[in-house]
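J.: show me the folded form of this:
(chains A and B)
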There are 2 protein chains.
Amino acid sequence: MGTGGARVVFDRWEGRYSSAMSAVRSSAVRDLFAAADRPDVISLSGGMPDVRRVPREAVQRAVRDAMRHDGAAALQYGSSEGSVALRGTVADLMAESGARLDEDDIVLTAGAQQALDLLARVFLDPGDVIITEGPTYVGALQAFSAYRPRVECIPLDEHGMRTEVLEETLRRLGPRGAKFIYTIPNFQNPAGVTLSASRRRRLLELAHEFDIPVIEDDPYGRLRYEGGHILPLRALDPDVIYLGTFSKVFAPGLRVGWLAAPRPIRSKVLLAKQAADLCGSSFAHAVIERYMTGTSWRRVLVDLQSAYRERRDAMFAALAEHFPGDVAWTRPEGGFFVWVTLPAHMDTKPLLAEAVEHGVTFVPGSDFFPDGRGSNCLRIAFCYESPEKIAEGITRLAEVLEDKLGLYRSFVAAGVMPASAGSGGGLA
Amino acid sequence: MGTGGARVVFDRWEGRYSSAMSAVRSSAVRDLFAAADRPDVISLSGGMPDVRRVPREAVQRAVRDAMRHDGAAALQYGSSEGSVALRGTVADLMAESGARLDEDDIVLTAGAQQALDLLARVFLDPGDVIITEGPTYVGALQAFSAYRPRVECIPLDEHGMRTEVLEETLRRLGPRGAKFIYTIPNFQNPAGVTLSASRRRRLLELAHEFDIPVIEDDPYGRLRYEGGHILPLRALDPDVIYLGTFSKVFAPGLRVGWLAAPRPIRSKVLLAKQAADLCGSSFAHAVIERYMTGTSWRRVLVDLQSAYRERRDAMFAALAEHFPGDVAWTRPEGGFFVWVTLPAHMDTKPLLAEAVEHGVTFVPGSDFFPDGRGSNCLRIAFCYESPEKIAEGITRLAEVLEDKLGLYRSFVAAGVMPASAGSGGGLA
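T.: Numbering: from 1, shown residues only, chains lettered A, B, ... in the order given. Take a look at the predicted model:
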């Protein structure tokens, strides 16, 4: 917590807080924003898009158009669903990805994060079971944890969620044994892997057989740098709850995402949204709608894609050159993240302070599990820094790892510790 | 619900929703936004500020300044607390009201509504007792209801919350018998009344004696049209949790409000905010900060104040001229709302459809209580329509009331019903 600091403050309200607050997780990712602010530190931790490539004139033009077109509406309270014009734009975007729906299927949210919170609020009572990938998005774990579910994590390999383990889990839990299955099928955060087309079909078959709603979180779908587009789950099944965001195709600073869901779920989400913030920002909706009108946003996106591809390739090259042989990593075809697996007995959390001292940040793997697993893993991001800085960051990180691994290897050689290299495409 | 419509839809997820969703209230206010959109209907229902008076050029200038000054930061994710520059502006605004604090005491939220939701999340478990005014803000009841508290309503008179009833209630509940006291001291929504200076002191004494946090919700504090400024509770006690908003001094379409709270509570609120939406809109923060720099916003506010004052006076004049003698109403010195009390056996909910037919809307009084009380009351707003339309709206509403009251009076005359005029300064 940025505000926690080192000072000890007597809390006269201690014992008065809700049970939810004792369950809610803090996030190491957020704490790192502070560390990453030092100019000498290379940030391989945060998933910040490179908004420096979004032309400020395009934003100003969008604001001018929005003010001229319907300025009073943009400054006023809006409906809980959000701007109908922007929902139309969202429907068009989703049609391009292969999912057919119309603006009435959509609720605009304060980033996809709010959609996660609202869905948790709509579905979860304490003790309910939910199914996620393991590792999974730390913000989803944060959003869900306030509602105190029991989280079943399904492991990943290079083709995404291992559906045979999902099947075992569902058989064990029985029909309707979980409130929902949460998946990030494209360039998963943090693992970088993509759910294959055949596993997408299998996941939907299983969800149908066990009668469990599926939440498809797709922030990175348009950030593919190689390979062919795979249809989203929502394109294969209209009952899938789909989450999208403008944070990666435009800018996260406007905090607009969306949720597409069947009508009964949508009406519950709208009630929850009214209680949470009345309505979204009409201003942000109008500005984004204008920004997404015309074609210049596509040029910006192509520019972003090629920048991210170059950075990813720089990271791949530096990993191959500098990382020790007993460390494995994933090779994402898109998105922002690479997942690194160290030998099983390593712990990446204490490594972080050393890494910051060496001028580089990452996110420890255990942040992406609800239960402390993943401690021998870490996430690195290639979205934010230049290719040169990424190469330098990987070099620095390799030094830190090499240091620790040297010690580890001598223990293994002495028979004190069993040998166990990272495997499974770099997945723990 | 705008999306509920008349179609009956089979819900295959029935029985899967959380207990919170069965507790969350829908709001008649929101439903009325649709009705109020018909051009022939005069809206005395919604609390929409008159954003047509905010110069669009000033907004565009603020955006241009924000983009030039630090455009990349405005498009990026921000800290959970929100922009430090805007928090500084908030601290300055609060100093003008008499409350001394600094930017670190403040968390920016998605309107004050999000602050209500986050505070409920931080403090409430099902069954916890909270204390509110009765009537109180419908959005607060919505936010709180998801966490299933038991709500104790303290009645109001023309000097605000009746602190002698608050004292009785606190004695009955005992020390720490409630999680918090929620009050809207200035130009209360919906009652329009203002908590007197002496009752503010008394409320704080009682809160201290019974060791209960106080939440001061102050959206209308700067919209005073007569009488002298009264110090906010937060100016008298730094432990008070204060909620403010830019929705009324600038525009609700940007969805930015704030919360000032002691450090331990603030750090819990920040954790809850991270789970709810990661962070606020850096873009909105930057634009508002630029808009509030310099003095032109003060000219806009003075213009708004004089427009609202004129509308309020038009409403007062029309009420005095057209409303029946057995109806009472409040006489707010600021804000947006007048509270109307009909004889005790009247029910304003079924009157609403008739009023809409007559081309005028209001909000039924029972919306502002957690338990169906207030059914003989209604809220009318003078913030949105022109003085002429307000006069015409009151005339139309008077016709609807006269109709019903004629019937009521004949029952009373026949001895079928007891006589009971509105009293207590128009408060039920």
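J.: okay, CA-based contacts and neighbour counts for the rest of this
T.: Fine.
J.: now the strands for the stretch 101-250 of chain A?
T.: For the stretch 101-250 of chain A, the strands defined by DSSP state E, counting those that start in this stretch occupy A:106-109, A:129-134, A:150-157, A:160-161, A:181-183, A:214-217, A:241-245.
J.: out of those strands, the one nearest residue B:192 is which?
T.: strand A:106-109 (32.0 Å; CA to CA).
J.: so is the closest one next to chain B?
T.: No. Judged by CA under 8 Å from any CA of the partner chain, strand A:106-109 stays clear of chain B, getting no closer than 9.1 Å.
J.: quick one: list the elements packing against that strand.
T.: Packing partners of strand A:106-109 (3 or more CA pairs under 8 Å, 6 or more residues apart in numbering or on different chains; DSSP states H and E): helix A:84-97, strand A:257-260, helix A:263-277.
J.: highest average neighbour count across the ones you listed?
T.: Greatest average neighbour count among the helices and strands packed on strand A:106-109 goes to strand A:257-260 (a mean of 26), per mean count of other CA atoms under 10 Å in any protein chain shown.
J.: is that strand positioned near chain B?
T.: No. Strand A:257-260 does not reach chain B (CA under 8 Å from any CA); its nearest approach is 10.4 Å.
J.: close to chain B: what parts of the stretch 151-300 of chain A are there?
T.: Checking the stretch 151-300 of chain A against chain B by CA under 8 Å from any CA, the hits are A:179, A:251-255, A:263-265, A:267-268, A:271-272, A:274-278, A:280-284.
J.: any idea how chain A splits into domains?
T.: A:19-53+A:299-412, A:79-291 (automatic domain parsing).
J.: and those domains: which comes nearest residue B:161?
T.: That would be domain A:79-291 among the domains of chain A, by CA to CA, at 24.2 Å.
J.: and the end-to-end length of the closest one?
T.: 21 Å (CA to CA, to the nearest Å).
J.: so which of the strands of the stretch 101-250 of chain A is the most packed in?
T.: Mean neighbour counts for the strands of the stretch 101-250 of chain A (mean count of other CA under 10 Å) peak at strand A:106-109, with a mean of 28.
J.: quick one: residue A:404 is in a helix?
T.: Yes. Counting by DSSP: H, G, I helix; E, B strand; the rest coil, one finds residue A:404 located in a helix.
J.: next, count neighbours for it.
T.: Residue A:404 has 14 neighbours, counted by other CA atoms under 10 Å in any protein chain shown.
J.: about what we covered before: TSV for the strands of the stretch 101-250 of chain A, including mean pLDDT?
T.: Listed next are these as TSV, based on pLDDT from 0 to 100:
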stretch	mean pLDDT
strand A:106-109	98
strand A:129-134	98
strand A:150-157	97
strand A:160-161	98
strand A:181-183	98
strand A:214-217	98
strand A:241-245	98
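J.: out of those strands, which comes closest to residue B:103?
T.: strand A:106-109 (27.5 Å).
J.: what does that closest one rub up against?
T.: A:80-83, A:87, A:90-91, A:115, A:255-261, A:266, A:270, A:280 (CA atoms under 8 Å, 6 or more residues apart in numbering or on different chains).
J.: go again using 10 Å as the cut-off
T.: Residues outside strand A:106-109 that contact it (CA atoms under 10 Å, 6 or more residues apart in numbering or on different chains) are A:79-84, A:86-88, A:90-91, A:114-116, A:118, A:242-245, A:255-263, A:266-267, A:269-270, A:273, A:277, A:279-281, A:285, B:277.
J.: partner strands of it and their direction?
T.: Take DSSP bridges as the rule and strand A:106-109 pairs in its sheet with strand A:257-260 (antiparallel).
J.: after the worst-scoring helix or strand of chain A on mean pLDDT comes which helix or strand?
T.: When the helices and strands of chain A are compared on mean pLDDT, DSSP states H and E, helix A:28-36 comes out lowest with a mean of 56. Later in the chain than helix A:28-36, the nearest helix or strand by DSSP states H and E is strand A:42-43.
J.: does any bit of that next one sit next to chain B?
T.: No. Figure legend: strand A:42-43 not in contact with chain B (CA under 10 Å from any CA of the partner chain); closest approach 14.7 Å.
J.: got it, and stretch A:87-104?
T.: Yes. Contact of stretch A:87-104 with chain B (CA under 10 Å from any CA) involves residue A:104.
J.: what lies in contact with that stretch?
T.: A:81, A:83-86, A:105-108, A:221-222, A:229-238, A:242, A:244-246, A:257-263, A:266, A:285, A:288-290, A:292-293, B:3.
J.: show me where the stretch 101-250 of chain A has its helices.
T.: For the stretch 101-250 of chain A, applying DSSP state H, counting those that start in this stretch gives helices covering A:111-123, A:138-145, A:163-173, A:197-209, A:233-236.
J.: turn those into a markdown table, including mean pLDDT, distance to residue B:159 and mean neighbour count.
T.: Shown next, in a markdown table, are the helices of the stretch 101-250 of chain A (pLDDT from 0 to 100; distance: least, CA to CA, whole Å; neighbours: other CA atoms under 10 Å in any protein chain shown):
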| stretch | mean pLDDT | distance to residue B:159 | mean neighbour count |
| --- | --- | --- | --- |
| helix A:111-123 | 97 | 38 | 26 |
| helix A:138-145 | 95 | 42 | 25 |
| helix A:163-173 | 98 | 58 | 16 |
| helix A:197-209 | 98 | 58 | 17 |
| helix A:233-236 | 98 | 56 | 21 |
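J.: can you tell which of those is closest to residue A:14?
T.: helix A:138-145 (20.5 Å).
J.: before we move on, back to that, would you single out the least confident of the domains of chain A?
T.: Mean pLDDT is lowest for domain A:19-53+A:299-412 among the domains of chain A, at a mean of 91.
J.: now that domain, how far from the chain's geometric center?
T.: 14 Å (CA atoms, centre = their mean, to the nearest Å).
J.: again, but for stretch A:162-174
T.: 23 Å.
J.: who wins for proximity to residue A:340 among the helices of the stretch 101-250 of chain A?
T.: helix A:138-145 (16.2 Å).
J.: that closest one vs chain B: in contact?
T.: Yes. Helix A:138-145 is in contact with chain B by CA under 10 Å from any CA, via A:138, A:139, A:140, A:141, A:142, A:143, A:144, A:145.
J.: the residue lying closest to the fourth one once chain neighbours are set aside: what secondary structure?
T.: Counting by CA to CA, 6 or more residues apart in numbering or on different chains, the nearest residue to residue A:141 once its immediate chain neighbours are dropped is residue A:370, at 6.8 Å. For residue A:370, the assignment made with three-state DSSP gives coil.
J.: let me see the backbone angles for residue A:370.
T.: The phi/psi pair for residue A:370 (degrees, to the nearest 10) reads phi -80, psi -10.
J.: how close does it sit to residue A:154?
T.: 12 Å.
J.: give me the common contacts of those two.
T.: By CA under 10 Å, 6+ apart, the residues touching both residue A:370 and residue A:154 are A:132, A:134, A:135, A:136.
J.: so who does the last one touch?
T.: Read it as residue A:136. A:153-156, A:182-184, A:188-191, A:365, A:367-370.
J.: same deal with the first one?
T.: By CA under 10 Å, 6+ apart, the contact set of residue A:132 is A:140-141, A:151-155, A:161, A:166, A:180-184, A:215, A:369-370.
J.: end-to-end on stretch A:360-379?
T.: Termini of stretch A:360-379 sit 12 Å apart (CA to CA).
J.: list the buried ones in that stretch?
T.: Within stretch A:360-379, the residues that qualify as buried are A:360-370, A:374-379, counting by 16 or more other CA atoms under 10 Å in any protein chain shown.
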